[in-house]
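Participant: show me how the following folds:
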Amino acid sequence: MSDITVTIEDGQLGLVNVTGEDLFVHAGVCANGVVDTLYDFGDIPTAVAALGPGTLTENVADTIAVAGESLAAPVNPSQAGTVGSTTHTGTGAGTVTGSAGPLYQILVKISTGGTLGTMQAEFSVNGGGYSAPVTSVVSSWAYLVPGTLTVLTFAAQTYTLNDVWTITTAGGITVVGAGTAGWVTQASSPADVYDVLVDVVVGGALGTATFTYSVDGGNSISPVILVPGGGVYVIVGTGIILTFASTFVADDLYEFTTTTAGFTTTDVGNMLTAIGALPNQWAGVHIAGMGANAAAAASMVATVESALEAFAVAYRYVMGIVECPQGDSAAESAFASVTATRTMVTVTDIEHQSSVSRGVVHRRNCGVVITSRLSATNPSQDPGWVGSPLGSLANVQAIFRDEAKTPGLAAQRFTVLTTRPTKTGYFCKSGNMMAPYGSDFSSVGNRRVMDVACRVTVGVLVNELNADVLANPDGTIFGPEATRIEGVVIGALSNVLLAPSPPDASSVNAVVNRSVNVITTENLDIAVQIVPKAQFKTITETIGYSL
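Facilitator: Numbering: from 1, shown residues only. As a prediction, this is how the structure comes out:
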């Protein structure tokens with residue numbers, strides 16, 4: 001059978017240039033991108049135009065700013081985002097309520113009249129042309145409009161040809177034609193995770209009072225705005241609607257938070273299947289979005305790890321990064337029995353400087369900056385190298401958990417952030433994989449180097465399938481043939497792992513088994529060895545005076 005069997009050995013270290021080797025995929029939610037499609041971006045404006053607002057867009061922009069290129073894979077936003085209740089600080093009677101509306105105006109035109117199941121509709125987003133007709137579903141039809149984070153639900157009615165519904169960014173719905181506006185309802189998600197702060201500047205009634213707003217807890221502030229007479233103000237590009245009521249007092253503050261749309265493990269599995277079937281080469285995938293809790297993160301790791309192991313069987317060697325919410329005890333409990341040699345779990349929330357809108361700071365999981373650092377470095381380099389020419393982690397304004405002050409999670413195989421003595425900024429503690437203790441792949445550097453090596457060796461050894469090879473009288477491989485094959489493998493690995501400066505391995509070797517009867521077995525048995533580079537996880541210094 002014409003095939004190659006690759007066995008990756010683990011436990012051999014006794015631990016208590018290939019296209020795409022530095023390219024990482026950010027996978028998550030955005031407004032405009034096509035679900036389960038792989039994009040390749042080399043500049044931020046192009047990424048913003050293609051993906052629209054969203055967490056995925058922000059993460060891609062970060063990696064482009066740090067590493068110059070990023071891949072993106074939108075995930076089906078099957079779970080609606082939320083808008084929290086408002087906290088009011090001050091003495092005024094006025095209220096400010098947050099809600100979610102469409103990011104862009106949506107038009108719905110009935111292209112085939114009739115009841116649900118027969119009726120077809122076309123959709124226009126943000127003034128664009130109408131889409132191809134979409135056939136409705138019997139009983140009640142909930143449809144996620146492409147290019148938005150808005151689900152429109154159509155009631156069981158008889159719809160008339162050429163009727164047009166308009167859904168505004170303020171959530172209002174009108175209809176032109178024989179239908180009734182209430183037949184269509186909208187449910188939208190905010191474009192991102194926001195900390196919305198409304199500050200009353202001049203007190204008074206609607207149409208008289210003024211305010212400023214911030215979507216990042218006060219880090220960046222809007223110009224002064226007049227409270228609309230109708231009481232409704234849309235924060236453009238966010239999917240957030242502010243509804244003002246009653247009379248306001250100067251300096252009163254109103255604050256609420258939002259979450260953006262989310263996804264399930266099934267959604268992520270579908271995305272991985274889609275991008276895994278493409279010929280594009282990439283080194284890893286970052287699932288950009290935290291589960292509701294650590295247990296949900298553990299479930300996501302199981303999904304990602306299973307998919308990546310299946311990829312390896314199909315000769316695609318890549319790693320994954322999954323985000324986990326903060327909470328040391330919950331994280332330790334949820335992952336106590338979880339092992340994953342291909343998946344990293346990141347646990348540290350950060351204040352992240354946007355590369356899309358400078359001055360805006362979002363609260364994020366550190367997975368985004370870890371992915372950006374990995375994208376900008378050689379496979380063997382640990383993202384926690386303190387002396388890296390890249391310096392501290394880019395675009396991190398603050399961290400909400402410091403491993404130096406609250407140690408523990410790094411020892412439990414999580415990748416976390418920390419401060420370092422005599423250094424400014426924030427650093428990765430160590431690039432840990434969620435591998436079992438003692439695994440050769442407990443470090444991300446070893447994981448990535450092995451993945452590169454597998455891609456290289458498969459790429460050269462596949463050329464030996466069904467080749468005519470000389471054999472000795474006893475059926476073993478002829479010595480010069482074995483030496484030739486060893487040389488091809490060693491040469492290819494050396495070019496990729498040893499030739500770069502700095503190299504990604506200490507040495508490489510390949511040895512063909514010369515005792516096997518290749519005539520009868522029809523199998524080439526070759527052992528490839530890679531000596532990794534060493535890394536100092538701790539430093540012991542002895543210092544004193546001497547006469």
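
Participant: quick check: Met362 touching Val193?
Facilitator: Small correction: residue 362 is His, not Met. Yes: judged on Cβ atoms under 8 Å, His362 makes contact with Val193 at a distance of 6.2 Å. Any C-beta I mention is one placed from the backbone N, CA and C, and that applies to glycine too.

Participant: what about the nearest residue to Ala527 once chain neighbours are set aside, how many residues nearby?
Facilitator: Distances taken as Cβ to Cβ, 6 or more residues apart in numbering place Val511 nearest to Ala527, at 5.0 Å, with adjacent residues excluded. Neighbour count of Val511, defined by other Cβ atoms under 10 Å: 14.

Participant: do the same with Gln412
Facilitator: Neighbour count for Gln412, taken as other Cβ under 10 Å: 16.

Participant: do the one 4 residues further on as well
Facilitator: By the other Cβ under 10 Å criterion, the neighbourhood of Val416 contains 30 residues.

Participant: ok, it - contacts?
Facilitator: Thr346, Val347, Thr348, Cys366, Arg401, Glu403, Leu409, Ala410, Cys428, Lys429 (Cβ atoms under 8 Å, 6 or more residues apart in numbering).

Participant: so which of the residues you listed sit within strands?
Facilitator: Taking DSSP state E, the ones among the contacts of Val416 that sit in strands are Thr346, Cys428.

Participant: ok so, going back, Gly171 versus the residue nearest to Ala527, what's the distance?
Facilitator: Separation of Val511 from Gly171 (Cβ to Cβ, to the nearest Å): 68 Å.

Participant: hmm, back to that, and the host helix or strand of the residue nearest to Ala527, what's buried?
Facilitator: In the assignment (DSSP states H and E), Val511 maps to strand 507-512. Under the neighbour-count criterion of 16 or more other Cβ atoms under 10 Å, strand 507-512 has Val508, Ala510, Val512 buried.

Participant: against which helices or strands is it packed?
Facilitator: Strand 507-512 sits against helix 479-493, strand 526-531, with contacts defined as 3 or more Cβ pairs under 8 Å, 6 or more residues apart in numbering; DSSP states H and E.

Participant: ok, which of these comes nearest Gly92?
Facilitator: Closest approach to Gly92 among those (Cβ to Cβ): strand 526-531, 67.6 Å.

Participant: look up phi and psi at the closest residue to Ala93 other than its chain neighbours.
Facilitator: Closest residue to Ala93 apart from its sequence neighbours, by Cβ to Cβ, 6+ apart: Ser246 at 4.8 Å. Backbone torsions for Ser246, taken as degrees, to the nearest 10, come to phi 70, psi -150.

Participant: thinking Ser246 is in contact with Val96, fair?
Facilitator: No: with contact defined as Cβ under 8 Å, Ser246 does not reach Val96; the gap is 9.9 Å.

Participant: pop the domain breakdown of the protein in here.
Facilitator: 24-78+262-428, 82-100+191-259, 106-188 (automatic domain parsing).

Participant: so how far is the first one from its chain's centroid?
Facilitator: Right, domain 24-78+262-428. Computed by Cα atoms, centre = their mean, to the nearest Å, the chain-centroid distance of domain 24-78+262-428 equals 5 Å.

Participant: end-to-end on that domain?
Facilitator: 18 Å (Cα to Cα, to the nearest Å).

Participant: about what we covered before: export the helices and strands packed on strand 507-512 to a markdown table and tack on mean pLDDT?
Facilitator: Formatted as a markdown table, the helices and strands packed on strand 507-512 follow (pLDDT from 0 to 100):
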| stretch | mean pLDDT |
| --- | --- |
| helix 479-493 | 97 |
| strand 526-531 | 97 |
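
Participant: export those to TSV and tack on mean neighbour count?
Facilitator: Formatted as TSV, the helices and strands packed on strand 507-512 follow (neighbours: other Cβ atoms under 10 Å):
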stretch	mean neighbour count
helix 479-493	17
strand 526-531	16
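
Participant: show me where the stretch 201-350 of the chain has its helices.
Facilitator: Listed from the start of the chain, the stretch 201-350 of the chain has helices (DSSP state H, counting those that start in this stretch) covering 265-276, 294-313, 328-334.

Participant: return the last one as CSV; C-alpha atoms alone will do.
Facilitator: Below are the C-alpha coordinates for helix 328-334, written out as CSV (Å, rounded to 0.1, in the frame of the first residue of the first chain):
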residue,chain,number,x,y,z
ASP,A,328,-7.2,29.8,39.5
SER,A,329,-9.2,27.2,41.5
ALA,A,330,-11.8,26.7,38.8
ALA,A,331,-9.1,26.4,36.0
GLU,A,332,-7.1,23.9,38.0
SER,A,333,-10.1,21.8,38.8
ALA,A,334,-11.5,21.8,35.2
